[in-house]
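>>> test case, fold it:
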Amino acid sequence: MRTIALINQKGGVGKTTTAVNLGASLADLGKKVVLIDIDPQGNSSSWMGININELHKSMFNVFQDDLPIKEILHETSIENMWVVPSNVTLAAIERTLANKLENDTILKKSISPLKNQFDYIILDCPPSLGLLTVNALSAVKEVIIPLETKVLALNGLVTLINTVNLVKDTLNPSLEVTGIVACMFDVRTNLSNKVVEKIKEKFHDKLFNSIIRESTQLAECPVSSQPITRYAPDSRGTQDYMDLAREVIEGEKEVARYYEEGEAETIRHSDEESKEADQSDNDEDETDQYSGEVETAAGWQSGEEKSEVGHSPGEGEKEE
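From the prediction side, this is the model:
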């Protein structure tokens, strides 16, 4: 079973569109999929027909009260696809969890019981690098980054990948970036082609071959509470997301290899930490340092990180 987080710290880049439509396309190809919405906006929940204003229980209760996720699994109109919803109540959870022990691994523990029930667990993350996103990165083994094909989108990409690597180093040795999806591709301009070429140049082994083109139907289908495969089955949006789903499935053998390697690395990582703890007289200092690293991943508030390609993440985000 594969666990995938879709993340981007910038909104409006096709993240939720990809979470919903990739999930639905995988389901149409026979995979059992659960889409977990951890974005307080609740857009993927609404898209799949859930009235988020009338939810009695949601992902907020999973984080706050340790509610089992299986209690809030919602069936959808798509065979083989379920949704775990969220709404605006989740917006307050980071402050609530500030003093909770192991607050960065709550989601990891919550999704563990689902792993024998589904082929894919897909997390739709908020457009930020806060505690909810860190929870997602701690819980999954794969990251897919939807990226709009605009020049400024590249500025935040290095920051995002640095965040993934920091969580990999401190919390989740199994974590890997499976790929980058070029979204909102405008076939009428040369700019989109140039941005795709730039992504290939810098991250050539990470860019999916499938490209998500801009389309009117993709923009319209959330209002219908249907994925593009149902709203406009003959559209290029359906074609693009089905192509992406097939490409994701084709990569199963490759990711299986590093899933196994990741499990071994997790065991090794844990053993080393145990040995260090036995030999150290400064456990509290080490814990404080560890927490500081995670806070850096969650907040990126120091402004001191610089990208490896000559951009300051702070400057890039300001321009966006």
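
>>> which residues sit against the longest strand belonging to the chain?
Longest strand in the chain, counting residues (DSSP state E): strand 176-185. Strand 176-185 is contacted by residues 4, 13-14, 17-18, 141-150, 157, 161, 164, 168, 192, 195-196, 199, 203, 206-208, 210-214, 244, 248, 251, 255, 258, 262 when judged by C-beta atoms under 8 Å, 6 or more residues apart in numbering. Placement of C-beta: from N, CA and C, glycine included.

>>> list the buried ones in that strand?
176-185 (16 or more other C-beta atoms under 10 Å).

>>> quickly note the distance from residue 151 to residue 182.
If you measure residue 151 against residue 182 using C-beta to C-beta, to the nearest Å, the figure is 13 Å.

>>> joint contacts of the two?
By C-beta under 8 Å, 6+ apart, the residues touching both residue 151 and residue 182 are residue 195.

>>> doesn't residue 4 make contact with residue 136?
No - in this structure residue 136 lies outside contact range of residue 4 using C-beta atoms under 8 Å: 9.7 Å.

>>> any residues in contact with both of these two?
Jointly contacting residue 136 and residue 4 under the rule C-beta under 8 Å, 6+ apart are residue 123.

>>> what about the helices in the stretch 1-150 of the chain?
15-28, 43-47, 59-65, 93-96, 106-111, 131-139 (DSSP state H, counting those that start in this stretch).

>>> which among the ones you listed is found nearest to residue 219?
Proximity to residue 219, assessed across these by C-beta to C-beta, is greatest for helix 15-28 (8.9 Å).

>>> which parts of that closest one count as buried, going by neighbours?
Quick answer for helix 15-28 (16+ other C-beta under 10 Å): 15-28.

>>> which residues of the stretch 151-300 of the chain fall in strands?
176-185, 207-213 (DSSP state E, counting those that start in this stretch).

>>> kindly reformat those as a markdown table containing mean pLDDT and distance to residue 129.
Converted to a markdown table, the strands of the stretch 151-300 of the chain look like this (pLDDT from 0 to 100; distance: least, C-beta to C-beta, whole Å):
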| stretch | mean pLDDT | distance to residue 129 |
| --- | --- | --- |
| strand 176-185 | 94 | 15 |
| strand 207-213 | 96 | 22 |
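
>>> using a markdown table, lay out the ones you listed together with distance to residue 36.
Converted to a markdown table, the strands of the stretch 151-300 of the chain look like this (distance: least, C-beta to C-beta, whole Å):
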| stretch | distance to residue 36 |
| --- | --- |
| strand 176-185 | 17 |
| strand 207-213 | 21 |
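
>>> could you report the pLDDT at the closest residue to residue 119 other than its chain neighbours?
Excluding the flanking residues, the one nearest residue 119 by C-beta to C-beta, 6 or more residues apart in numbering is residue 31, at 4.2 Å. Residue 31 is assigned 98 on the pLDDT scale.

>>> next, the contact list for residue 31, please.
80, 119-120, 249.

>>> which ones among these are found in strands?
residue 120.

>>> quick one: which of the contacts of residue 31 has the most company?
Neighbour tally across these (other C-beta atoms under 10 Å): the maximum, 23 neighbours, falls on residue 120.

>>> for beta bridges, what are the partners of it?
Here residue 120 shows beta-bridge partners residue 2, residue 33, assigned using DSSP bridges.

>>> ok, now how distant is it from residue 163?
Taken as C-beta to C-beta, the span from residue 120 to residue 163 is 23 Å.

>>> same thing with residue 245?
Taking C-beta to C-beta, one finds residue 245 at 26 Å from residue 163.

>>> swap in residue 250?
The value you get for residue 250 to residue 163, if C-beta to C-beta is used, is 27 Å.

>>> so which of these two has more stuff around it?
residue 163 (23 against 10).

>>> test my guess that the more buried one contacts residue 129.
Yes - here residue 163 reaches residue 129: they are 5.3 Å apart, a contact under C-beta under 8 Å.
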